[in-house]
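K.L.:
Provided below are the primary sequence and the corresponding predicted coordinates.
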Amino acid sequence: MIESVLTFKSVKTKIATKTLISVGLVALAVVLPQLVHLAAGAAGGVKWLPMYLPVLIGGCLLGTWWGLGVGIMSPITSFLITLAAGNPMPALERLPFMICELAVFAAVSGAFSKHIAKNKWMAFPAVLFAQISGRAVFLTLVAIFQTVSPLSVTAVWAQIQTGLLGLVLQAAVVPLLIIGLLKLLSKDKKND
């Protein structure tokens, strides 16, 4: 999707731009949950789902493969950095589930990126389908592995319900951010 803005750029420039955006989004996926936890406590992360926001943006802007990189690297990077500080987030028992969930968020929203380039409003269904798919995968994986995982379907279902407000807010905010970014980028492209 970002290719539509970078039409006259070289392949190296496109890769460098996507890399820079990806690294920035992964960094945001590490910092944003920390800020939410500072402001709203430990329960704030479950309610507001701050790591999802940069992953959804990555999928919508960068497409499936680059978005997938953001989705996979965000929880891993957050875990490693916060582990070094003594309080890993996400917790180790949640990490594999979050990697899968965020990968689905990124892949599904990324699958819409070419449609979003043509019609910015497609960001709304992209985010909604990504959210539903990602949460469904998380719940399904917990159901499959609950005999070997400390997570239970009941606990995860309760967390999904707690996070509905965060999902609804992101379903509105992320597409508006994408639309705004695309307008800025297309205005900037016209000035070149």
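P.N.:
In hand now; what should we look at?

K.L.:
contacts, neighbours, all on C-alpha from now
P.N.:
OK.

K.L.:
what's the helix or strand for the most centrally placed residue in the chain?
P.N.:
Note on the chain: the residue nearest the mean C-alpha position is residue 55, at 1.7 Å, using Cα atoms, centre = their mean. For residue 55, the element it lies in under DSSP states H and E is helix 52-62.

K.L.:
any idea of the mean pLDDT in that helix?
P.N.:
Confidence for helix 52-62, expressed as mean pLDDT, is 97.

K.L.:
just stretch 92-108 next, same as before
P.N.:
97.

K.L.:
how about it: buried residues?
P.N.:
94-108 (16 or more other Cα atoms under 10 Å).

K.L.:
now, among the residues you listed, which is nearest to residue 144?
P.N.:
The closest of those to residue 144 turns out to be residue 97 (Cα to Cα; 11.2 Å).

K.L.:
Now the closest one: closest residue in space, sequence neighbours ignored.
P.N.:
In this structure, residue 97 finds its nearest non-sequential neighbour in residue 138, 6.0 Å apart by Cα to Cα, 6 or more residues apart in numbering.

K.L.:
Quick one: low-confidence residue ranges for the chain.
P.N.:
1-9, 188-192 (pLDDT under 70).

K.L.:
Helices of that one, residue ranges please.
P.N.:
11-40, 42-48, 52-62, 64-84, 95-111, 113-118, 123-145, 153-162, 164-191 (DSSP state H).
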